[in-house]
Structures are given as C-alpha cells and as structure tokens.
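Undergrad: below is the sequence, then the predicted model.
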There are 2 protein chains.
Amino acid sequence: MPALIYSFDSTRREPLTDEPLDALRERFGGKAVGLIEMTRLGLPVPPGFAISVEAGRALMGPDAAFPDSLRDAVREGLAGVEAATGLRFGDPSAPLLVSVRSGAAASMPGMLDSVLNVGLDSTTRAGLAAQGGARFALDAHRRFLQMFGDVALGVSREVFEQLISATKTRLGSPSMTDAELDEDALAGLVQSFEATLGAKRADLFPGSPQSQLELAIASVYRSWNNVRARRYRALQGISDELGTACVVQAMVFGNRGSRSGAGVAFTRNPSTGERALYGEFLANAQGEDVVAGSRTPSSLTSATAVPGREDRSLERTDPEAFALVQSLADQLETHFRDVQDIEFTVEEGRVYLLQTRSAKRTAEASVRIAVALADEGRASRDEALLMVDANAIATLLRTRLPSPEELLARGVQPVATGLAASPGVAVGRIVFDPEAAERMAAEGQDVLLVRRDTTADDIVAMKGARGILTAAGGLTSHAAVLSRALGKCCVAGASTLHVDYAAGVLTARPRRGSDASPRTFRVGDTLTVDGSTGRVYEGALDVVAASTLPELDTLLAWADERRHMGVRANADTPRDVRAAQAFGAEGIGLCRTEHMFFADERLAALRCVVLASEESERERWVGRIEAMQRGDFEEIFHAMAGHPVTIRLLDLPLHEFMPRDDASLAAVAAGLSVPLREAKRRAGARAEVNPMIGHRGVRVGLTIPAIYRAQIRAVLSAAVAVARSGKGVFPELLVPLTAVGEEVRRVAEAVRAIAEEVFTEQGARVAYKVGTMIELPRACLVAGDMAQHVEFFSFGTNDLTQTAFGISRDDSAHFLPAYVDELGVLPQNPFRTLDIVGVGELIQLAITRGRAANPTLELGVCGAQGGEARSIQFFAEQGVDYVSCSLTRLVVARLATAQAALRLAGHPRGGALAG
Amino acid sequence: MPALIYSFDSTRREPLTDEPLDALRERFGGKAVGLIEMTRLGLPVPPGFAISVEAGRALMGPDAAFPDSLRDAVREGLAGVEAATGLRFGDPSAPLLVSVRSGAAASMPGMLDSVLNVGLDSTTRAGLAAQGGARFALDAHRRFLQMFGDVALGVSREVFEQLISATKTRLGSPSMTDAELDEDALAGLVQSFEATLGAKRADLFPGSPQSQLELAIASVYRSWNNVRARRYRALQGISDELGTACVVQAMVFGNRGSRSGAGVAFTRNPSTGERALYGEFLANAQGEDVVAGSRTPSSLTSATAVPGREDRSLERTDPEAFALVQSLADQLETHFRDVQDIEFTVEEGRVYLLQTRSAKRTAEASVRIAVALADEGRASRDEALLMVDANAIATLLRTRLPSPEELLARGVQPVATGLAASPGVAVGRIVFDPEAAERMAAEGQDVLLVRRDTTADDIVAMKGARGILTAAGGLTSHAAVLSRALGKCCVAGASTLHVDYAAGVLTARPRRGSDASPRTFRVGDTLTVDGSTGRVYEGALDVVAASTLPELDTLLAWADERRHMGVRANADTPRDVRAAQAFGAEGIGLCRTEHMFFADERLAALRCVVLASEESERERWVGRIEAMQRGDFEEIFHAMAGHPVTIRLLDLPLHEFMPRDDASLAAVAAGLSVPLREAKRRAGARAEVNPMIGHRGVRVGLTIPAIYRAQIRAVLSAAVAVARSGKGVFPELLVPLTAVGEEVRRVAEAVRAIAEEVFTEQGARVAYKVGTMIELPRACLVAGDMAQHVEFFSFGTNDLTQTAFGISRDDSAHFLPAYVDELGVLPQNPFRTLDIVGVGELIQLAITRGRAANPTLELGVCGAQGGEARSIQFFAEQGVDYVSCSLTRLVVARLATAQAALRLAGHPRGGALAG
C-alpha cells in the first residue's frame, strides 16, 4: 500500500523520497507539493505532513468512521512535527497547534475549507498563554471554535458573529474591531462558543483535541463536495473525481502581536504584470482574515500604498521582514520559472512560507509576464507561449474608456473611486441580489453586480455580470482575485459607497472635504465602472477602441513561428477583411454572403427572386443580384489579395428573410407587379416553425437554382477581373448545410459548369476550389461520399453542435446556463468550447471518412469554436489544416495554434491546458 | 465475356443454359425471364432474344456508336428467330418484323419505351401485305413510323396525331376511329410520316430496317434515363444503377382483323382479389392501344362487362380463344405461385403470350389473394406473408362512405358513375393541372386530380392527390393501374363527365334517358369520389369507419406466429389504449403525457407550474397535476393490464404551451395571483425561435424538477393502486430528449428515489423500468454512458431524423417533396422510411455501445418509422426488441415484423423487399 502521509520538515535538508513532483501532486495535491518543494529548497516552512487523496476517500460519507490505519498515520505524522518543533499535540505545557487545510491537484482558491489552531482546549490554552500571553491564546481559541464550528459542525458563521456583536454592544462600542476585544471579552466568547458547540457535540466539547483533529481532517475532505466547490469545478472544467488531499502543519501565529501578521505576496503584479513585489499584509492577524476580505489589509509595498492614506505597508512598518519576503519571493520565481502567489506569516519578525503556487493573473499581466520572463532568460519563448491562457487574451482587445483627463474635460466626473482590482470597462444596471443577477444575465441583460463584499457563493453571478463593484475588501479580496481569474472588470473597496441591500439603494458619499451632497442610485440604474482606474461613473459612458499591448504583438510573433495550422478570419465586408489582415489573418475562411443582403435595396431584390412565380421575372431580379455581388467580391478579393477567400453560397433561412411590414411587402409587390395581397400570401407561404432547421442553405440553392447560379457567376467573374489586375486571387466556393452526398455533387457540378461558361466569356481562367460545410450530423456520416466531389471541408461547429445536441443556440439561454452553472449537467457551454465527446467524435468520423475517400482533402473549421483554445487543441490533434474565426478571436487562434503545435511536439510544459 | 444475348424459342423445349432464373433476371431483366420461363414451360411465346443490361451500357450516350460485338450478337439472335419463324428480317417476300421492348430487373410498368413492327419499309411492307392484306400492312407501317418517330427521333406524338386528324377532317369524318381509316388514307399517312422522319434523319428514311433496328434498340436502352422513369425509380426506391435490358421478339399481330386483338389478363381480380380471370381485350389492335388508354377496351369476361352496355367481351366474341387464355393463365399462376399479370395477343384465333409478371394489386386484393393461395395450397403460409406489401395494408383501415343505399335514403345521389378502379374514398378540391396538384398537395391541401386520362408524366401529381378521377380509360388504363399500385382511390372512365381543361370546367351530363340538366363544377370545387363503387358525389360527404377484411385477420394471425419482435402502440388515452389492444398491440410503447394536457383546466394548471415564481405556488399547482395524472395512469394501466406501458415524462416545448390569447393569460394571472401584464411578461420570456430544438423534454424536467417529480409519483402510485386490484402492471418510465449521460443519470436517480418514497407511503411495491429516448445524434454517441443508468432505450426516429438531417419535419414540406420527387436528391422521405445510411448508422452505433455497456438493455423504436416495413426490416436486423407505432400502423408492424423474421431466417422469397 502506498504511504498515506508525506512529511516535510525544513530542519532536514535531504529529500524524503525520490518520487517525482508530478506524481506527488496527484497523490498529495498542489499545496503539499509546494510545501515539499520549498522544504527541499531549504526555505522556512513550518513542519507538517500531507495526507493523500486516496486516504480521504474513506472519509467522504457524512458519518464515515475514521480508519485505524489513517489514525496511525496521523499519529506518525504528528510525531515528526513534534520532533521538529519540540512541542507536543495536546500537551498542556508546550502544546503543538496545527492547521488542517485542503489541497487538491488543481487550484481551487477559497472553495474548500480549512481549520486553524487545532489542538486548543482550555487545558492546552494555558500552555499557549505561557508562550504568547493570555489574550493571544484566547484569541486563537475563539478562532478555532469559530472555524471548527462552521466547517466541522455546520454551525452558521452568523451565530458566532451575533455573539461577538452582542459582546461589543454590551461593552458599549458596537463598532469596535475584533482586535480591540479585551481578554475578558474573549474569555466570555470562548465560553459561549464552547457552550454552543457542546450543545451539538457533547462528546467533543469541552476538550478532546485528538477527536477534534480527526473531525477537522474529515471535514476538510468532505468540503470537496460542498455546493460552491462543485460549481467552481463545473465552471473550470475540473473533474469531480479528482478529490482533494489534506495538509496538517504546525501553526505559526500572525496574531501574536504587532510584529506579527499574515500576508499574501505576488512575485509580480498580477493585474498589470509589472515586475515588482505586490501584495497585502494584515498586522496581528491570521491568514483567513486577509483572504476573507472582512478586514481591509494594508499594501505590502510602499509604492502600492493607497495614495493619500497613511502608508502602513510592511515595507515601511517592518523593513527587515519585508526584505526577507522579497528575497524568498525572488528565489521562488526563479525556481518555478513563473510568477508565484505566496502566502506567508510573520511571527514576531520571523517569516514563514505557508503556500506557493503559480499566480492567477489578468490576461494583460499574463502576456507581459510571459514576454518579460522570456526576455529575462527566466523562461524559454516556448514556455512563455504556454504560460498564457490563449482564450483570455481576446479580452485585451476590449474597449476602454477615454482617459480621466479627457472625461474631465467633457465635464464627466466619477461618483466614486475604489481600487482598480481587475481591468476593463463595464456598463450595466445595478443589481444587489446575486440570484437576480444570474437570472438577468442569463436573459442577456447587462448587469453590474454591486456588493459590500463578495463570497465564494457569488461566483455564478460574477461570471454572468458585466462587472463587479464592491464597497469593502482589498486587491486580494475574494472579489478582486476571482474577477481577475474570470477576466471581469472589477472595482473593489470603493469605501465612499454605502450599499443598503434591504432598501435597494446605493449611496455615494462625497469625498471627505468635498461640499457636494451624497448621490443615491437605485437597483436598475445604470453605472459605468472602469476596472483599470478604479473609477465609477453615473450612466452609460461611450467607450473607445482599445490599443493592444506591445508585448502581445511580440508574443504573437513568437506564436506565428511555432504554429502549423493556418488562421483565417470570418469576415463579410471589405472593411472587416482589411481589419482581419491587420489582426494577422492569412485568408478569409468564411465570407457569409447572406450578410451582404442586409441593405434594403438588395433585400428587396432577393425577396423578389424568391417570391417570383415566373422564371423570366426571377431571372430579371437575379441579374441585379449577380451584378451587385460581383462588385462585393471584387472588393474583397482586392482586400485579401494573395490569400484564399472562402465564399459561402447563400445560407439564408427563407423564413427570416421574408417581408413582414407593409413597406417591405409593398416593395416586393411593386417589384413583381402583383397586388399587395398576393405578395403577402406568397411571403406567408414561406413561414416556418423552426427556421434554423428549415428551408435554408443548399436546400434553397437546389430548389431555386437561379440564386446559386448568380452567386457562382459573380464570384468567378470577380476573380477573373481581379486576377487581370495582377493580384493573386484564390476563390473557394463553399456549399452550406449539406446532409446528402447528392446535394454536394449537384452544386459542385454546377460550379464547374458555370466556371467554364464564365472563363469562356471572359477569355481567362483562375484556379478555384469547391468545398462543403460539414455542419450536420448526417454530413459527418456520409463525409466519404461528399469528399469525392469537393476539394475541402469546412466544419461549421455552431450548426453541428446545434443538431448533435438538438439545442437551438438562439434558445439555449432558457436552460443552458442552468445546465452548466447550476446543475453541472454539462462541464461547459458547447457553443463556446467544442464538445469533444459528442460533436468531436462526429468531426473525427468525418475527417477519417473524408480523407479516406479523398487524400488531398483540405480541412478547415469556421464555427465559433475555431477561435477557442481547447477546441483548437482538438482540431490540431485531428489534423485540421486551418481554423477561421471572428476578428476578436484571431489573436486567440494565433496563440492557441502555436500552443497546440508545442503540445503535439511533446513540450514538457504542455501537459495541461491553461484555464 | 458473358453472352450479350439470350435466345428463347418455344419450338425447342430444352433449356438453353443452366443459369438460374435469378441470375438471368439481373442480366436480362424481368420481362425476358418471364418469356424464357414460359418458353421452358412450352407455352406459346413468339421466338426472340434478350440483350443484356451490360450490353446496353455502351449505348447510353445520345451519340454512342453501336458496337460491332453487339451488332454481331443481334445478327445471331435474329438468325435464331428467322430459323424458328421461317421469315427473314428485311426480306421483301417473307419479312420478319420484331418488337423491341425494354425490361428491367425491377418492374417499371409503362415507364420505359418500346418500338413495335420494326423491319418495315416500303419494300418489306409488300411482303407483309402478301401475308395479311394491304390495309393491315399499311396500318402496321404507320404504327411503326409513329412509335419509332416518338421513341428514337424525339418527334412529338402530337405531330402524328395532327396529321391523322387532318386526314380525318379531309375525309369529312373528324370523329372516326383509327380503325376506320381506309387503305388510301393509311397510305397517305405513311407517306407523310416518312417525309416527316426523313426530314430529321435522311439516312434512315426511306428504308434501312437494319439501322432502324439498331437505333430502336439504343433508344429503348436510353429511355432508362427519361424523366418519368427517373422519377418513378425515385418514388419506388429503385436504384438508378440497375439499368434495363432489351427484348427483341418476333411480332405477332393483334391488328390482323376481327379474329385478332390484344389483351391484358390478371389471373385474379387485382382490385378485389376475387378468384376469377380479369382483364381487358381490344379487338383488331396492338398491345399499345390497350395500355395507353386511348381507346376503351372491352372486358375480357362476360361477368365483368359493364352492365347495361353490349357485352363485347372476348369470352362472348371468341369463346375458343378465351378458353385458351384461361387455361394459360391458370398454368402460369400455378407455376409462379402468385397472381400473374399477362399480356397476350390473339392473331387470327391463335393466342400468344408476350409477358407475364407478378400482378400489382390493391392492398385488399393482395391480402385476399395471399390467404386464398395459401388456403388453396398454391403457396405456403410463409409465402403468403411475404406476398403482401406490409406498408400498403394500413390503407385497409381507411374510412369508407356509407353504402349507396344509405346515401340514397338521405337524398344523396351521385353526379356521375365510372369504373371502380381503385378502392377508397377521397374528398378533395378539383384540380386539372398536374403541376398545380403537386404544389397544392405539397402545401397540405386535399386535391382531387381530375383528368380525361392520365399519362406516365402525371405520377407525382397522382401520388400527392387524395384521389384520381378520369373521364376515359378502363380498369387497366394507366390511371387505374398506377392508382392501385399507389393505393390511391380512383374512379376511371366516368364517361358522362366532360373535362374542359382550358375553361377549367368539369361538366357532368345526366345519364342517358334522365331529364336532369347537366351539372358544372369549377376547378377548386369539392367532390367526393368512392373508388369502391365508382360513384362521384358533389361536396364533402361524411365518412364512416371501415371494417377490416376477415382475410386480414387470418393473415395477421399467421404473422403473429412468425414474428420475434414485439409490437406495441403509441397511445395516450384510455380509449386509444383499448383500440390498440383490439388491433393486436402487446403493450404501449409510447404514452405521451403532454397529450394529457390539452384540456383547458389542465393546461392552465401546467402553465401555472411553469410560470410560478415561487416554489410554494409551484408546489400547489404541481399537486393538482399529480392528482389528475394519477387518475389518467390508473385508467391506462387497467386498460393495458398484463402488458408493459411505457410512459414518457413530459416533453412539451415550453414555447408552444405558453398562453397567448387573453383568456388563457387571464387564467394564469388568476392562478398565480399576478396582474395580467406580469403573466404576459412571464409567458413572453419563454418565447423561442426554434421550439423543436428549444426548452423541452428533459431540459424542462431538470430545470423545473417539480413537474417530473409529480409525474413519477403519479405513475408509481397509480401502478401500486392497480396492482392492488390484482391486475398485472408493468410501468416503464421514459426520459425524453436526452443528449448527455448526466441527464439520464439524474432523472433515473430521481425515479428510483421517488419510487422508494411512494412504495413506503403506499406500503406496497411494483416492478418498474427506467429508460431513455434515443432521439438526438449525441445520445447515440454517448449511448454507452446512458445505458449504464437505464433498463431500456426507445429510439425516437422522428426527432433523430430531424436532427441528423437538420430538417424540421414541420417545415420540410417547403423542400422535401421536391428533393424526393423532382430532384431525386433523396430516394425517399426519411420521415416515413428510415434513412439507413445516416440515421441508421447512428442507431447501430447506439445499439452497439448501449449493449456493450449494459448487455440486458431492452431496445424499442417509437418513431413513425416503427410502423413502416422497410424500416422494421432494418430494426429487426439490428436486434431491436419491439417497435411501437400509431394505431393505424399496427397491422403494418405485425406483418412487417413477421416478414422480417422470415427474411432473417433466409426464406427464399424474402430476398427483395416488397414495393
């Protein structure tokens, strides 16, 4: 049997086993491996031991017994810690206290439970008091009771908060902080807490540290299945089967007076990527106080202290401890070849490291950091490429507000200013209630989630909201950390704001010293928040286009050197085509000709073609369409000269293009010289119940062949004309919505016949390709048949997902958000990230059959998933030649294709997909 | 190289090769095999030879040269015929004339071309005249020129008809028949016909019989690709690759005077199945005159002569020839063990057989004949089962009109009476134009196609029409034969009707001797026609339920002994369930609970459940639903006691069930105590663009779990209650529209938990099963996952077809008829007959994966294709346990499952699927 525990102890330098770190991570979780690795490096880590994921499985049921084998292992682990510290667990004179913390292989910050100060009862408290004073010992004891009560016995935190409030009121100072509670008050609280818990578990209270430790361990394991953890895993695509490990470690005490405290440090700024230590520190506190956001901590460094307030940073208050932290941070970043997020505790001037992990960061920071680390030689360029979450960099193209100066010049002033916790601009309606926010966001409304502070339960609401605004909490508060991870705009700790949940009112008090009167906003009012400056504005401000980071251009240039797949753009207008080239597209993978018919005149012509009852009438209108389209295609070919341009033949759902209002009907009636009534009748006859799977695509092409004929003529005539001007033209004609080989054969045959006709007329030829969309399940099955008639396939993953699942994308908001976020029925929205199990298998089938029938078949993807990193990885594995995506996803595709190439080549950092 | 030709000659009794008939049929077509077989039996068949399908491939291009090898083979074949007849092809004194006819392996009556009397020019005509007289020879010559001109040179039949009309006018008798044309007139016509053809092909006219023969052969092959043949094959599911063979045979002359003629005989009545020779005969005519319907032939037998008219039947006019025909017919039926459709010619009293084939027959006749042949010992019961087209027998459950006597008693009299050509009742609007009929039928209108007579070009219009009414033509006219094949109601030869195509008016003249005035109807007016009595009525008459044939019950009893698959019914109400039992269902395979909510009160309750914003409100309404549903299920369990009942949990598209009109909205507003405006808002928020792939099925079940919970409780409480009464109850709960394994797991888990709750409450248990619909492509792919959570799969082939093809069934009328009938893109409507290539592969995948994961998994099919014979064959091959279908298709399913079992057991008659 593999060992149930793994001990670490920095007093002994040699590694305890030869087991590689990756294997250890799977068995003992990320937190333990960080601690073990730091221990091996000789850094100051309190001694402790990890208990394996496997050992925890026996504890998962609510009434599961604590196995004897595990009890023995824990005893052995504790013995090691006792030897290293010289303390003994449960010893009244020199008691060892431990923290019991979770630690899964995948990072799930704040989602699982911890219990600190385990080992305290009234007896051992005396021993602790002898070391650090009676008040300190009482404070530690009441903290233990609170956390243990919450985590192990399910007593609501509110119960403890009320008892504390009552004590403060009794003392006549309802607004005093917890740190101001005196010894007597704490002693009273400990007594009433113990009574509360004793009422629930008389066997555990008072006393019995050993039983408390076992229950604490079991509870930490069980927190794997709490609701918020399950939802977080569903959101992040982490398997429920993974399980957590548990870390038991000697306590060090940040709450041991003024030269003590708890802090969090990032080796670089996780918001901007700036190369400077960044973090927060709370004096005379334990770690939970910082993470929970219930007290606002000070900055770690002087440089990032809030301007205009007293600098209470660790750098100023304890330069010696600060220097230690800085040196440790630098060692960790160099060793791990990436930016670290470090938890530490200062105990009476000594610094202890409690955790290190790869830091979550904003997209902007991730790009800057990656390029900087490569430039500094701390990472290779390939490592830098793999360090960035490709999906996240789409946000770097987001819009921004004009600068505060420009706004001021226009008379626009912020109503409040908080911490710039996560960059971006959000315009939305104020919502306080997280459930209401979820619902409104699911309906497509722009929501601004406004809270005093957020908790882990708010994650779904945060995900749906345009932005987050909190009145309390710092840059490492839950709201700030999670916003950055989600790429959401966030302004945190806007302390002049007052949130009255009950009244549904948000009050913005004027700055101190200002003579302005307070402003009030109600739920539903619109605000604009700027997460890059921390400013909050009334109403909806206009936004301007963002400039991209110079580092992003550098990174993408490195990516272009590495990738094998082509990256094309979905673009329908010459303007979009030019923009696509600027964003690095190597061609147009999808030009949707139906989007060229939105102009009134063209729409009317097309309607006349469809609704004509006589062929001569139809031909007249079709002639106009051909002429108009030829002009469109010439412009596009000029704009994309030298690159392939894939033009999809019309895929309009006839139902949706039919005239409904009187003016449109009159236009058709006039165009066809029929009475209005008749035009209405014909349009009515085209009505459909489910237009998405109705009369569209090739079905229209074959039943009204004049339309495709005109388009094919227009494409090829335009190509000949542009080729004559000396430019490279590579037209590719694409047939939409095919389900039957015969559909493909007929259109391909028509294209080749019409091409000969056009080339003869024009006296010149151009090379062209014919392809078919593969966007219906049946098309995947008969791909071998289809491949015989075409030169390329283009996978339309949007429609393929719609039909494989039988889910209309337009209607999916009614249930898909609940499926993904609340119920966890699906790990992710398949319209965003390809469903590899189902839709992916269909694509594999189509590729295997298509290539078997036509070995030179070219393969592209043009659905939304063609611009999503995980999906791109799959496409690369299947041998797809290129992806085509919207303009805003081109940067994602360029990076993700490079990452896929590195992973396929077996790069050691490529094992897991980012984000 | 296999021989290009196969000669047959009844003067030589021994078989010419040992090749089995089935192999011969593939190479030389059905017509040749019939002739060869009759020759082997020593029956009177004019000598001839067949040319193979393979040989014809070289001739398919319009300008293809006639290969030398084929020329040699034809010469060799002709030599044999010359030896047998003592005549010589092209010999001026004793010329051999031949017919050149098509003959594919699959029967395609009237769709391919023939040329008769080949070998005639002005020289050989003299030799023919010497044998049979000058007028006869001239008549044969002008017939040759007409057919050759039409078939080989593409000269419109109208051209010849106009020349004939002009001649008749010149003679002063525009209404004379062709048979009344005298020698001079015929000579003039031959001259002008030759001039017309000579203008097209100077190399062929005058003279050159050898070249004419070769072109005739090539043209017959090429007729395989004419439009009507392609459309017929598309309709009948005959492969375009099959190809036709060609038969060249010595002419015998039905136009050789009054003791000659051409006839068609069925060994039994193809309309009723009656055991009596049945057919038609046209004196002094060639076969084409009978088939084309241009002259109305006489009955073959006295018994079927039209009452009230002179009996000109062959039985009366030439009893000797009639006796010969009768004896030959009996020999053929006995030999082929099936009813035969025979073409024969009487030449001066001698009878020659020109074709025999299995007779097309009405569904009613097919059942009666099959049972009769088995009872008479002419066929085995298994052969009888395989003899009937299972799909066609659904028509035997059609509604009928009250008897003419009953109608008369109500004062309803027919406006016309014709021949009862194909049974059934049709109520529809008069349409003359076949294209208009096609279009209107595709739009779902009830069309009655009214024509003077029909041609092979009208087949699509006939298929779409409710019924066919013709003013001319007999019981073996094109209209009558095809109507029976299509199972369409048809009244033919209603000679008191006058059809004025140009004016759009149908006039019904009173019967001779009546003093009533003529009635006129316009296109668009409604008539009712009764194909069982030949009567035509004004307006839409009420119809009454049909009684089934006693022979059908016999046949189905035989079928029930043979089949292995179960047959269940789709039924939603206790009344339907009782009807299903009467039709032989062995359980309910699909009870759609959404159909139980059509009553206003229930609909309102369900809407309140969906639109409630508070859980308590929802629970109140859900409670009512549970109570109502429990009653429903108790009734259904009682009605189907002893058999399984599959109850599908609610699958309502929320969109469609939302209240829209003010009354419904008011009911919801009252039910939920909210303002009307709010009810409207909530209902509006449920609107969807594509409800068929929207918020329905398990998606509703998981997002509003109270509904399924209530249904599950209702089903299981009802089951316990009925089981208490001592009846056998086998409830099976079915989860609709699942695409994800987790959906299935959750609902299955809920069912098992709720079952325990109900059984505890009720103090008793029942056995039950949980299953999932497999009706989305993704479900097929993840079937292995789903199968772990359930006991059975039910394939919903309607939805699976919709999503595999991406075709909304509700909207498919816009293009699917064109795809199948006009364009031939699809061989059949996949919503009627399972698409085996695509949807079938998905089903195979699901079965393989499902059974691998759960070897005891039960498999059912509940879509429309579960009641269709070809689809049932496929399901049987895949090991499906039962099919479930609508009440009207139960008889089809019972027979088709038996046929499938026989075919799977390798029954020699089971090779090809019927019709």
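TA: Received it, and whenever you're ready, just let me know what you need. Owing to the predicted nature of the structure, the values given are computational and were not obtained by experimental measurement.

Undergrad: in chain A, which helix or strand is least confident?
TA: Ranked by mean pLDDT, DSSP states H and E, the weakest helix or strand in chain A is helix A:287-292, scoring a mean of 71.

Undergrad: and the contacts of the helix or strand following that helix?
TA: Downstream of helix A:287-292, the next assigned helix or strand under DSSP states H and E is strand A:298-299. Residues outside strand A:298-299 that contact it (Cβ atoms under 8 Å, 6 or more residues apart in numbering or on different chains) are A:279-283, A:305-306, A:311-314, A:317. C-beta: built from backbone N, CA, C; applies to glycine.

Undergrad: give me the residues contacting the helix or strand just after strand A:298-299.
TA: As assigned by DSSP H and E, the chain's next helix or strand after strand A:298-299 is helix A:314-317. Residues outside helix A:314-317 that contact it (Cβ under 8 Å, 6+ apart) are A:261, A:263, A:281, A:283, A:298, A:300-302, A:305, A:321-322, A:325, A:346.

Undergrad: and for stretch A:811-828?
TA: Contacts for stretch A:811-828 (Cβ under 8 Å, 6+ apart): A:230-231, A:233-235, A:237, A:438, A:441-444, A:460, A:463-464, A:807, A:829, A:831, A:835, B:654-655, B:686, B:688-691, B:693-695, B:699-700, B:702-703, B:740, B:742-743, B:746.

Undergrad: what's the first-to-last distance across that stretch?
TA: 17 Å (Cα to Cα, to the nearest Å).

Undergrad: for it, buried residues please.
TA: Neighbour counts over stretch A:811-828 (16 or more other Cβ atoms under 10 Å in any protein chain shown) mark A:811-812, A:814-828 as buried.

Undergrad: smallest gap between the stretch 451-600 of chain A and chain B, at which residue?
TA: When scored by Cβ to the nearest Cβ, the stretch 451-600 of chain A has A:V460 as its residue closest to chain B, at 14.7 Å.

Undergrad: what helix or strand is that residue located in?
TA: helix A:459-464.

Undergrad: could you point out which element follows that helix?
TA: strand A:467-470.

Undergrad: partners of that next one in the sheet?
TA: For strand A:467-470, the paired strands and their directions (DSSP bridges) are strand A:447-451 (parallel), strand A:489-492 (parallel).

Undergrad: most tightly packed of the ones you listed?
TA: Most buried of the strands paired with strand A:467-470, by mean neighbour count (mean count of other Cβ atoms under 10 Å in any protein chain shown): strand A:489-492, with a mean of 32.

Undergrad: average pLDDT across that one?
TA: When pLDDT is averaged over strand A:489-492, the result is 92.

Undergrad: which pLDDT does the model give A:E586?
TA: 95.

Undergrad: does it count as helix, strand or coil?
TA: Assigned by DSSP: H, G, I helix; E, B strand; the rest coil, the conformation of A:E586 is coil.

Undergrad: can you give me the strands for the stretch 551-700 of chain A?
TA: In the stretch 551-700 of chain A, the strands defined using DSSP state E, counting those that start in this stretch lie at A:566-570, A:588-592, A:644-648.

Undergrad: tell me the most buried of those?
TA: Buried most deeply of those, by mean count of other Cβ under 10 Å, is strand A:566-570, with a mean of 27.

Undergrad: by how many degrees do that one and strand A:588-592 diverge?
TA: 20 degrees (axes from the mean of the first three to the mean of the last three Cα atoms, to 10 degrees).

Undergrad: please export the C-alpha coordinates of strand A:566-570 as CSV.
TA: The C-alpha coordinates for strand A:566-570 follow below in CSV (Å, rounded to 0.1, in the frame of the first residue of the first chain):
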residue,chain,number,x,y,z
GLY,A,566,-3.5,28.3,-40.7
VAL,A,567,-5.5,31.1,-39.1
ARG,A,568,-8.2,32.7,-41.2
ALA,A,569,-11.0,35.2,-40.4
ASN,A,570,-14.7,35.1,-40.7
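
Undergrad: where in the stretch 551-700 of chain A is pLDDT low?
TA: Residue ranges of the stretch 551-700 of chain A with pLDDT under 70: A:598-599.

Undergrad: quick check, A:G257 in contact with A:F136.
TA: Yes. With contacts counted by Cβ atoms under 8 Å, A:G257 reaches A:F136, the gap being 7.0 Å.

Undergrad: those two: who's more crowded?
TA: A:F136 (20 against 16; other Cβ atoms under 10 Å in any protein chain shown).

Undergrad: show the pLDDT at the more buried one.
TA: pLDDT, read off for A:F136, is 92.

Undergrad: repeat for A:A912
TA: 45.

Undergrad: could the strands of the stretch 551-700 of chain A go into CSV alongside distance to chain B?
TA: Converted to CSV, the strands of the stretch 551-700 of chain A look like this (distance: least, Cβ to the nearest Cβ, whole Å):
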stretch, distance to chain B
strand A:566-570, 20
strand A:588-592, 17
strand A:644-648, 16
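
Undergrad: list the contacts for the closest residue to A:I468 other than its chain neighbours?
TA: Leaving out its chain neighbours, the residue that sits closest to A:I468 by Cβ to Cβ, 6 or more residues apart in numbering or on different chains is A:C490, at 4.4 Å. Contact partners of A:C490, counting by Cβ under 8 Å, 6+ apart, are A:421-422, A:467-470, A:479-480, A:483-484, A:529, A:531.

Undergrad: mind doing that once more with 7 Å?
TA: A:C490 is in contact with A:421-422, A:467-468, A:479-480, A:483, A:531, counting by Cβ atoms under 7 Å, 6 or more residues apart in numbering or on different chains.

Undergrad: same thing with A:G623?
TA: Counted by Cβ under 7 Å, 6+ apart, A:G623 has zero contacts.

Undergrad: please save the CA atoms from stretch A:219-226 in CSV.
TA: C-alpha atoms of stretch A:219-226 as CSV (Å, rounded to 0.1, in the frame of the first residue of the first chain):
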residue,chain,number,x,y,z
SER,A,219,-14.5,17.8,7.3
VAL,A,220,-11.8,19.3,5.1
TYR,A,221,-12.0,16.2,2.8
ARG,A,222,-15.8,16.4,2.8
SER,A,223,-15.7,20.1,1.8
TRP,A,224,-14.7,18.7,-1.7
ASN,A,225,-18.4,18.1,-2.2
ASN,A,226,-19.8,21.4,-0.9
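
Undergrad: now that stretch, how far from the centre of its chain.
TA: How far stretch A:219-226 lies from its chain's middle: 24 Å, per Cα atoms, centre = their mean, to the nearest Å.

Undergrad: the closest residue to A:E82 other than its chain neighbours: neighbour count?
TA: Excluding its sequence neighbours, the residue lying closest to A:E82 (Cβ to Cβ, 6+ apart) is A:R88, at 5.2 Å. A:R88 has 19 neighbours, counted by other Cβ under 10 Å.

Undergrad: buried set for the helix or strand where A:A846 lies?
TA: Using DSSP H and E, A:A846 sits in helix A:841-853. By 16+ other Cβ under 10 Å, the buried positions in helix A:841-853 come out as A:841-843, A:845-847, A:849-851.

Undergrad: same deal with stretch A:787-800?
TA: A:787, A:789-800.

Undergrad: again with stretch A:897-913
TA: In stretch A:897-913, counting by 16+ other Cβ under 10 Å, buried: A:897-903, A:907, A:909-910, A:913.
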